[in-house]
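Colleague: Structure for this input, please:
(2 chains)
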Amino acid sequence: MGLERVDPEPVECDVRTDEILVNMGPQHPSTHGVLRLVLRTDGEVVLEVTPHVGYLHRCAEKIGENLAARQWIPYTDRMDYLAGMNMNLGWALTVEKLLKLEVPERARHLRVLIVELNRIASHLMAAGSFGLDLGSFTPFMYCFREREKILDLFELACGARLTYSYITVGGLMADLPPGWLPKCEAFLKDFEPVIDELHAVLTSNAILIRRSAAVGVLSPEMAIDYGCTGPVLRGSGVAWDLRRHGDPWYTRMYDGYRFEVIAQTAGHYPQDRKYPPVPAVAVLGDSWHRFYVRMLEVVQSMGLVRQALERYGRCPAGIGEPLRLTQKLPKGEVYLETEATKGQMGFMVVSDGSAIPWRVRARSSSFCNLSVLPELCRGCLIGDIPAILGSLDIVLGEIDR
Amino acid sequence: MEFAAILAKLTGQFGPRITGSNAEAIDPWAEVAPEALAEVCGFLRDEPELRFNFLHCISGVDYLHTDPKKKVDWQPHLEVMYHLSSMVHGHRLVLKVVLPRWRDNVQGQLPEVPTVSGVWKTANWHEREVYDLSGVFFRGHPDLRRILCPEDWAGHPLRKDYVMPLEYHGIRGR
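Modeller: I've put the predicted structure just below:
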């Protein structure tokens, strides 16, 4: 039988598939808010993802041009509403950098205490909803239960559970109420064993590993190119944390604090062997690693909270005076980035010398982290998108501002 | 590297196309001629001693006084600011580009600046945002669409002379 022979009756045996466009969101629960993804799919395979943002745009920057610097604090709360304290801190430090305004020692330690507590709450939410995206409901409730306790502590301190406006330009709005420190210590004591539970139900869970390991691998070069920061960048093995490497105006807040930057460098994480090992199927920079970095940062933040509790207790009274609304800002431009829970949150203030800033700018960490999504999703399965998106841990309030 | 050394390197390479600088500012900045921007940014990223591999933020600032009673010492203009840093060497830099508010002084013609999205991918979405809110056209951008406002929105909200629309698709604005 010669090769040149042509089959007289060709049989079509492959199933024809067409590319279709699928709208994911803006009301899809796994998009963590109002994000619309337009997927171009071929069967189960995603060829292209186009994120559409802006559904939650509230003109925060325009509003900032019409308010005194301290009046913008509540608007920062509503950016990353899962970590309002960190947002308040970013804006407060930026304006203080322009004013060259120092806060008392007690305020410094109280700020560290409160933002690191908020980091735990935010990372718990990220870990819980990551599990929820991948189909496990129970860990989400475990995380929420612990997060509630932190919110209770915040409610005692400032009266609000989500939009705090507690840290303000010039210091803090109020000192901690009597009896707060023992409550916080009790929380830390109760929370310690829960971390092991979470590792048992999430980190070493076979389904979670299968769904997230080697999914959405982000190389360190691409992460830097796209401006990814925070756990997304550190999950790719870049040991970069602004609490260590940032502007001196910010890093001196952490002067004297002991902590290690959580990233896998030279093949291992800076951890004692208490936590589950990295599974063999995981690849550095995948969704599992981004999740794991957050889990380790919860422990890191607990250490920082403990140190801050001790230092705060030793400081004399005085947590600074909130800036007067009529206080004129010096002429100039200042930009400052802080390590918020989702990544590096930057604020800029341009002042023409009056009390109301000429221009305010918020550089959102989630905005840059989301912009890498089309790269991560190219060629993946539709079912992998919630895993990748969940591991990026975005907050739409911060992206859209 | 200190700011003075970075600036010396830049002026050595680009001469008069580095049009100004301020070392006394809290965040020292260098001003670049708009047409040289992409070239300067490529140099900043690739030069071994500089290695500015991280673009933090692009912001548009509109300078236009709407209050005639207030005296100011500048002419109306638009600035685009680029905040860069090097994760390799740990230094920082702010680049500024000064643009007219409208190209050829024709209302509605957006001023142009070359895109840097080929240098840092971060710029892709940030330039879309600056285009959307501040009204700057980034020449050569692969996908210059509005990002935060709806696609059919009129005007650029962070311009100082922007007027809030009274109605949008049947939704009353006031």
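Colleague: check which helix or strand covers residue B:24.
Modeller: Assigned by DSSP states H and E, residue B:24 belongs to no helix or strand.
Colleague: residues near it, how many?
Modeller: 7 (other C-beta atoms under 10 Å in any protein chain shown). Yep, even glycine has a C-beta here, placed from its N, CA and C like the rest.
Colleague: Around chain A, pick out the residues from chain B.
Modeller: Contact residues, chain B versus chain A (C-beta under 8 Å from any C-beta of the partner chain): B:25-27, B:29, B:53-57, B:59, B:61-62, B:72, B:81, B:83, B:87, B:90, B:92, B:94, B:120-122, B:124-125, B:129, B:133, B:146-150, B:157-158.
Colleague: Mind telling me which residue of the stretch 251-400 of chain A is nearest chain B?
Modeller: Proximity of the stretch 251-400 of chain A to chain B (C-beta to the nearest C-beta) peaks at residue A:363, 3.9 Å away.
Colleague: and that residue, what are its bridge partners?
Modeller: Per DSSP bridges, the residues bridged to residue A:363 are residue A:346.
Colleague: residues in contact with it?
Modeller: A:337, A:344, A:345, A:346, A:347, A:348, B:56, B:57, B:59, B:83 (C-beta atoms under 8 Å, 6 or more residues apart in numbering or on different chains).
Colleague: Relative to residue A:216, how far out is the third one?
Modeller: Here the criterion is C-beta to C-beta, to the nearest Å. By it, residue A:345 lies 23 Å from residue A:216.
Colleague: any weak-confidence spans in chain A?
Modeller: The model of chain A has pLDDT under 70 over residues A:1-17, A:29-31, A:271-273.
Colleague: closest point of it to chain B, which residue?
Modeller: Counting by C-beta to the nearest C-beta, chain A gets nearest chain B through residue A:227, at 3.3 Å.
Colleague: how far away is that residue from residue B:127?
Modeller: In terms of C-beta to C-beta, residue A:227 sits 12 Å off from residue B:127.
Colleague: Contact partners for residue 172?
Modeller: Going with chain A. Counted by C-beta under 8 Å, 6+ apart, residue A:172 has contacts A:107, A:110, A:111, A:166, A:319, A:320.
Colleague: that's the wrong chain, I wanted chain B
Modeller: residue B:166.
Colleague: Pull up the residues of chain A that are close to chain B.
Modeller: Residues of chain A lying near chain B (C-beta under 8 Å from any C-beta): A:53-54, A:57, A:59, A:61-62, A:97-98, A:222, A:224-227, A:238, A:240, A:245, A:247, A:332-335, A:337, A:344, A:346, A:348, A:350, A:352, A:358-359, A:361, A:363, A:367-368, A:371-372, A:400-401.
Colleague: From those residues, list the buried ones, please.
Modeller: A:53-54, A:57, A:59, A:61-62, A:97-98, A:222, A:224-227, A:238, A:240, A:247, A:332-335, A:337, A:344, A:346, A:348, A:350, A:352, A:358-359, A:361, A:363, A:367-368, A:371-372, A:400-401 (16 or more other C-beta atoms under 10 Å in any protein chain shown).
Colleague: What is the burial count for the closest residue to chain A within chain B?
Modeller: Closest to chain A within chain B is residue B:122: 3.3 Å, counting by C-beta to the nearest C-beta. Using other C-beta under 10 Å as the criterion, residue B:122 is surrounded by 25 other residues.
Colleague: I'd assumed residue A:371 was in contact with it.
Modeller: Yes: using C-beta atoms under 8 Å, residue B:122 is in contact with residue A:371, at 7.2 Å.
Colleague: Give the residues shared as contacts by the two.
Modeller: Shared contacts of residue B:122 and residue A:371, counting by C-beta under 8 Å, 6+ apart, come down to A:226, A:227.
Colleague: Surely the residue of chain A closest to chain B is in a helix?
Modeller: No: with DSSP: H, G, I helix; E, B strand; the rest coil as the criterion, residue A:227 is assigned coil and is not in a helix.
Colleague: Which residue, neighbours along the chain excluded, lies closest to it?
Modeller: What sits nearest to residue A:227 in space, not counting adjacent residues and going by C-beta to C-beta, 6 or more residues apart in numbering or on different chains, is residue B:122, at 3.3 Å.
Colleague: Report the contact partners of residue 122.
Modeller: Unless you meant another one, I'm taking chain A. With C-beta under 8 Å, 6+ apart, residue A:122 has these contacts: A:80, A:82, A:83, A:86, A:341, A:342.
Colleague: actually it's chain B I care about, not the one you picked
Modeller: A:225, A:226, A:227, A:368, A:371, B:54, B:55, B:56.
Colleague: Let me see the backbone angles for the second one.
Modeller: Going back to what we said before, that points to residue A:226. phi -90, psi 0 (degrees, to the nearest 10).
Colleague: same question, the last one
Modeller: Dihedral pair for residue B:56: phi -80, psi -50, per degrees, to the nearest 10.
Colleague: and the residue found closest to it once you drop the neighbours it is linked to in the chain, helix, strand or coil?
Modeller: Leaving aside its sequence neighbours, residue B:56 sits nearest to residue B:83 (C-beta to C-beta, 6+ apart; 4.1 Å). The assignment at residue B:83 comes out as strand when based on three-state DSSP.
Colleague: From the centroid of chain B, which residue is nearest?
Modeller: residue B:80 (1.9 Å; C-alpha atoms, centre = their mean).
Colleague: what sits against that one?
Modeller: B:58, B:59, B:60, B:61, B:96, B:97, B:99, B:113, B:130, B:134, B:136.
Colleague: So which of the residues of chain B next to chain A belong to helices?
Modeller: The helices, defined by DSSP state H, take in B:122, B:124, B:125, B:129, B:133 from the residues of chain B next to chain A.
Colleague: Which strand or helix spans the residue nearest to residue A:367 when sequence neighbours are not counted?
Modeller: Leaving aside its sequence neighbours, residue A:367 sits nearest to residue A:399 (C-beta to C-beta, 6+ apart; 4.7 Å). Using DSSP H and E, residue A:399 falls within helix A:396-400.
Colleague: thinking again about what came up before, can you tell me which of the buried ones among the residues of chain A next to chain B end up in strands?
Modeller: Residues of these located in strands (DSSP state E): A:332, A:333, A:334, A:335, A:337, A:344, A:346, A:348, A:350, A:359, A:361, A:363.
Colleague: What is the burial count for residue 154?
Modeller: Just going to use chain A. 21.
Colleague: my question was about chain B
Modeller: Neighbours of residue B:154 (other C-beta under 10 Å): 9.
Colleague: Lovely, talk soon.
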